[in-house]
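S.K.: please work out how this folds:
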Amino acid sequence: MREKVITYTVFILALIAIASYGLYKWLIEGQERLDSLIYFSLVSAYFLNYLTSSKTVISDRVEKERHLSSEASTISYLVLVVVIGIILFITEGTGMLADLENVPLVLCFSLSLVILPIVRTIVFMKNN
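M.R.: Purely as a prediction, here's the structure:
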């Protein structure tokens with residue numbers, strides 16, 4: 001129980017720190033730090049994955065097929081995220097997150113990092 005509280009606290013503090021830094025740079029210094037959005041999305045995705053991580057034993061054939069179908073869709077989703085990331089960095093011509101300027105593409109990439117964990121969390125909470 002203590003480990004969960006510490007983990008939740010670390011995740012929440014990380015999210016607050018990233019959001020605060022990004023907002024500070026944007027509102028006070030006038031710099032759009034799109035890398036903060038990507039970092040926020042990554043930490044959110046890890047947090048949501050942590051919330052829904054549970055080991056299940058697959059026993060019968062129908063469950064196994066359902067599990068394989070779920071794995072295939074997860075792999076295709078991750079391929080899509082990687083392709084969006086490659087397109088983002090190729091079109092921007094830089095590997096530095098702080099130098100990104102294409103706001104719509106950064107938003108799409110950031111949302112693509114978070115969508116699957118959000119859906120998994122919703123399904124997990126609904127079934128439990």
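S.K.: pull the number of nearby residues for residue 41.
M.R.: 21 (other CB atoms under 10 Å). No exception for glycine: its C-beta is placed from N, CA and C like everyone else's.
S.K.: how much space between it and residue 34?
M.R.: From residue 41 across to residue 34, the span is 11 Å (CB to CB, to the nearest Å).
S.K.: next one: residue 99
M.R.: Counting by CB to CB, the gap from residue 99 to residue 34 is 9 Å.
S.K.: name the helix or strand for residue 124, please.
M.R.: Using DSSP states H and E, residue 124 sits within helix 103-127.
S.K.: quick one: mean pLDDT for that helix?
M.R.: Helix 103-127 comes out with an average pLDDT of 86.
S.K.: distance between that helix and the chain's centre?
M.R.: Remark: helix 103-127 is offset 6 Å from the chain centroid, using CA atoms, centre = their mean, to the nearest Å.
S.K.: pull the residues that contact it.
M.R.: Helix 103-127 is contacted by residues 32, 34, 37-38, 40-42, 44-49, 51-52, 54, 74, 77, 80-81, 84-85, 87-88, 91-92, 100 when judged by CB atoms under 8 Å, 6 or more residues apart in numbering.
S.K.: the same query, at a cut-off of 6 Å, please.
M.R.: 34, 37-38, 41-42, 44-45, 48-49, 51-52, 77, 81, 84-85, 88, 100 (CB atoms under 6 Å, 6 or more residues apart in numbering).
S.K.: show me what counts as buried in it.
M.R.: 105-106, 109-110, 112-114, 116-117, 120-121 (16 or more other CB atoms under 10 Å).
S.K.: what angle do the worst-scoring helix or strand of the chain on mean pLDDT and helix 103-127 make?
M.R.: Lowest on mean pLDDT, DSSP states H and E among the helices and strands of the chain sits helix 61-92, with a mean of 82. Interaxial angle, helix 61-92 versus helix 103-127 (axes from the mean of the first three to the mean of the last three CA atoms, to 10 degrees): 160 degrees.
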